[in-house]
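1. need a 3D model of the following:
(2 chains)
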Protein chains: 2
Amino acid sequence: MLDKKYLLPQDALKLILHNLKPGCLTVETIPIEKAYGRVTAEDILSPEDLPGFERSTVDGFAVKAFDTFGAKESSPVYLTVKGDIAMGAIPHFSLSNGEAASIATGGMLPEGADAIVMIEHVNVISNDLIEVLRAVSPGENVIFRDEDAKKGEVVIKAGHRLKPQDIGALAGVGITTVKVFKQPVVSIILTGDEIIPHTEKVTPGKVRDVNSFTLAGLCYENGAVPLKMGIVRDEYDKLKETVQKAYEISDIILITGGTSAGVKDLTAKVIDELGSPGVLFHGASIKPGKPVIGAVCNGKPVFGLPGHPVAVYICFELFVKPVIHHMLKVTDKNFKKTVKAKISRNIHSQAGREDFIRVYLEEHNGEIWATPLLSKSGLIMSLVKAQGIVRIPSELIGLSEGQEVLIEIID
Amino acid sequence: MLDKKYLLPQDALKLILHNLKPGCLTVETIPIEKAYGRVTAEDILSPEDLPGFERSTVDGFAVKAFDTFGAKESSPVYLTVKGDIAMGAIPHFSLSNGEAASIATGGMLPEGADAIVMIEHVNVISNDLIEVLRAVSPGENVIFRDEDAKKGEVVIKAGHRLKPQDIGALAGVGITTVKVFKQPVVSIILTGDEIIPHTEKVTPGKVRDVNSFTLAGLCYENGAVPLKMGIVRDEYDKLKETVQKAYEISDIILITGGTSAGVKDLTAKVIDELGSPGVLFHGASIKPGKPVIGAVCNGKPVFGLPGHPVAVYICFELFVKPVIHHMLKVTDKNFKKTVKAKISRNIHSQAGREDFIRVYLEEHNGEIWATPLLSKSGLIMSLVKAQGIVRIPSELIGLSEGQEVLIEIID
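-> Numbers count the residues shown, from 1 in each chain, chains lettered A, B, ... in the order given. Predicted coordinates for the structure are as follows:
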């Protein structure tokens, strides 16, 4: 009911991004075989023409196209076989009129040849004579010397997350190293007097650290390096000291817990003292995740994430992930895995707030149905059981049973 | 035109899977912090109740619910504050009728309390007196001691690829190690007398290795470990020796190139001699990728992939990826990133064959249009430029301009 004073998540995010320079991470040069998933820091130009010579795209015979004109099954054209072209070799002869040479896929065209007749359209009469059963036009079944990439052409743009086939293409043009943005280091600080390491036995009142494991994995998935800073008691001096240290050695700081009543002002105070402009929002119109703190301190983003495991996940997706992409200057369009489904029951939502409902999916008679996991956001297992999330925008007051919704797949 | 004698890709894949035992990889026990993306080899049970005690989900006051019945703004209920519950501590008192205790989110309920009144619904009159403005029912704003996970309950099923939040949940129940399938080792063997390492200068007739870089990245993305075996000349003895070595040290063998006329029988022969049942199909009704060889040799899958970079990519997606998932016994439903788009021009396809057309995507007036990259499949850059792939099923003879299609996003 207090949501009116809070920003919608997209507006809260804009505040953060507005205070962060895109591409603010340092640039490093690394071998291409280490660059899978990394983001290019500059346009990459082809240093040469690819393939650099005319190649056949099929198995067959290299010919002068005009020699084949008019050829058909009923009136084939006869050509003299000048020789074989070995794979990977420069042909040691050229073709004159009326001549052909056998060639395999990827082979280099001999001088004088301008097309390839596929093996299927040839009758081999003898070692030095073939019948061509179909005409080819100049350039047919040939890759030209700069057809794949021209020297100086942009092969891959800056701000692109390198996919397997991109690395393949770089290898193809002989590029061995690539300039990429350094992976942002993300400090993860856990606060809360009730939190204990996952290796310890719980006693009543205590709970084990869940969030540092979820956050570390989300960092890995998004091209960042997690740095666990441990569990800090809810005390000003200790939190301040840890946050200061994190600020010195990392690019992004995440503090979980300590955002709700009692200690919430402590976290906000410590963040605010770290640098300017400091805290930009304290609370957002979302559920779960409402008490989230967003800040930028001297160019470094700092987030106070609620302690609830589900809220941590949602806040990472809404705020931390786009901030990482912004810092890496990613320009790729971000497609999400989605599926259309019908919602299996009514869900109430509050106008002015974005709700993120975990769902599991079931198929009935070819239709996908999404069933809300309406459990408390403090429950860890609801996120384990969820296969997707449905977002209820702030202008809606809920969803009706049977309504078609777009589910964002969690994986 | 020869496609009638070839299997459709789904039938070819079935042949391979039928000859492979699911979950045939060895099992290893690893720390949970190393288990992101790994596949569980057994059901994981919770060793304890979670949270193990009754916790508050809000900031407020622990109460006996029946004490608040009938409370409203106009006629509040007055309760005596027995004390504060410190985070992470066992309350050192219990509640009697008419008593309350201040509690923060995640705090442990004192004995006698069965609900929490949110701080927003309370007026604090003095250190030891509050006005409750709204009634709560028993259990309200409380997580029960086994509500998140019951001791002995399956927390995560076998065959599940561990997501960040799953690892968080395992930490939460105090699980420090997990049994997962060993990541399959995938040998990558390049054949072709024209192939040179990417670090070498090309001379006419030669081309650099592209495919080992694409394949290595695809292995990483699919939870496998690539093992580059180098470039092998198109000679029986050398290929046989390398394939035999790969067979001894890896779980899956990929041989690229050497599937088309001339040397194609060589690759098939070497594979067939490796073990039984040997080659299961040589060629499939797909474009690109038609000359693909699929085999299982003494329980290990072996593929002969065409040398064309685009065909390599398509064949990995169609055959190698599902084989990896089968060997890892993955039971998760595999959702794909897709987007609906309109195709920007007519595309012809051959009935009886599945065509995989690379497309790039553009938005015009809120509609997404997919433009086919109709380049030769030997061109590397077409896959770099592509943002998605549209599949033309074997029963269609093409797509018409403006037709709505489902694009599988490449990323």
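
2. any stretches of the stretch 151-300 of chain A with poor pLDDT?
-> A:258-264 (pLDDT under 70).

3. which stretches of it form strands?
-> All strands of the stretch 151-300 of chain A, identified by DSSP state E, counting those that start in this stretch, fall at A:154-156, A:177-181, A:185-191, A:195-196, A:207-208, A:225-232, A:252-256, A:277-282, A:286-287, A:293-297, A:300-305.

4. distance to residue B:12 and mean neighbour count added to these, as JSON lines?
-> Yep, even glycine has a C-beta here, placed from its N, CA and C like the rest. Listed next are the strands of the stretch 151-300 of chain A as JSON lines, based on distance: least, C-beta to C-beta, whole Å; neighbours: other C-beta atoms under 10 Å in any protein chain shown:
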{"stretch": "strand A:154-156", "distance to residue B:12": "33", "mean neighbour count": "19"}
{"stretch": "strand A:177-181", "distance to residue B:12": "36", "mean neighbour count": "20"}
{"stretch": "strand A:185-191", "distance to residue B:12": "44", "mean neighbour count": "24"}
{"stretch": "strand A:195-196", "distance to residue B:12": "52", "mean neighbour count": "22"}
{"stretch": "strand A:207-208", "distance to residue B:12": "48", "mean neighbour count": "24"}
{"stretch": "strand A:225-232", "distance to residue B:12": "41", "mean neighbour count": "18"}
{"stretch": "strand A:252-256", "distance to residue B:12": "46", "mean neighbour count": "27"}
{"stretch": "strand A:277-282", "distance to residue B:12": "55", "mean neighbour count": "18"}
{"stretch": "strand A:286-287", "distance to residue B:12": "47", "mean neighbour count": "22"}
{"stretch": "strand A:293-297", "distance to residue B:12": "52", "mean neighbour count": "24"}
{"stretch": "strand A:300-305", "distance to residue B:12": "48", "mean neighbour count": "26"}
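
5. state the number of residues packed around residue A:269.
-> 14 (other C-beta atoms under 10 Å in any protein chain shown).

6. return the distance of it relative to chain B.
-> Note on residue A:269: its distance to chain B, by C-beta to the nearest C-beta, to the nearest Å, is 17 Å.

7. residue numbers of the stretch 201-350 of chain A in contact with chain B?
-> Residues of the stretch 201-350 of chain A found near chain B (C-beta under 8 Å from any C-beta of the partner chain) are A:201-218, A:220-221, A:234, A:260-263, A:307-309, A:313, A:332-333, A:335-339.

8. now those: which count as buried?
-> Buried subset of those (neighbour count, 16 or more other C-beta atoms under 10 Å in any protein chain shown): A:202, A:205-218, A:220-221, A:234, A:260-263, A:307-309, A:313, A:335, A:338-339.

9. looking at those, which are in helices?
-> Taking DSSP state H, the ones among those that sit in helices are A:211, A:212, A:213, A:214, A:215, A:216, A:217, A:218, A:220, A:221, A:309, A:313.

10. among these, which pair sits farthest apart?
-> Largest separation among these by C-beta to C-beta: A:220 and A:309, giving 17.4 Å.

11. could you list every residue that touches the residue nearest the centre of chain A?
-> In chain A, the residue lying closest to the centroid (C-alpha atoms, centre = their mean) is residue A:161, at 6.1 Å. Residues near residue A:161 by C-beta atoms under 8 Å, 6 or more residues apart in numbering or on different chains: A:37, A:38, A:39, A:223, A:330, A:332, B:411.

12. go again with 6 Å.
-> The contact partners of residue A:161, taken as C-beta atoms under 6 Å, 6 or more residues apart in numbering or on different chains, are A:39, A:332.

13. in the longest strand along chain A, which residues are buried?
-> Secondary structure assigned by DSSP state E gives strand A:354-364 as the longest strand of chain A. For strand A:354-364, burial by neighbour count (16+ other C-beta under 10 Å) applies to A:354, A:355, A:356, A:357, A:358, A:359, A:360, A:361.

14. and the contacts of the longest helix seen in chain A?
-> In chain A, with assignment by DSSP H, the single longest helix is helix A:236-249. Contact partners of helix A:236-249, identified using C-beta under 6 Å, 6+ apart, comprise A:187, A:189, A:229, A:232, A:253, A:266, A:270, A:274.

15. try 7 Å
-> Residues outside helix A:236-249 that contact it (C-beta atoms under 7 Å, 6 or more residues apart in numbering or on different chains): A:185, A:187, A:189, A:191, A:229, A:232, A:253, A:255, A:266, A:270, A:274, A:297, A:300.

16. repeat for stretch A:69-80
-> Residues outside stretch A:69-80 that contact it (C-beta under 7 Å, 6+ apart) are A:63, A:67-68, A:98-100, A:128-135.

17. which of those residues lies closest to residue B:171?
-> Nearest to residue B:171 among these is residue A:134, at 66.5 Å by C-beta to C-beta.

18. residues near that closest one, how many?
-> When counting by other C-beta under 10 Å, one arrives at 15 neighbours for residue A:134.
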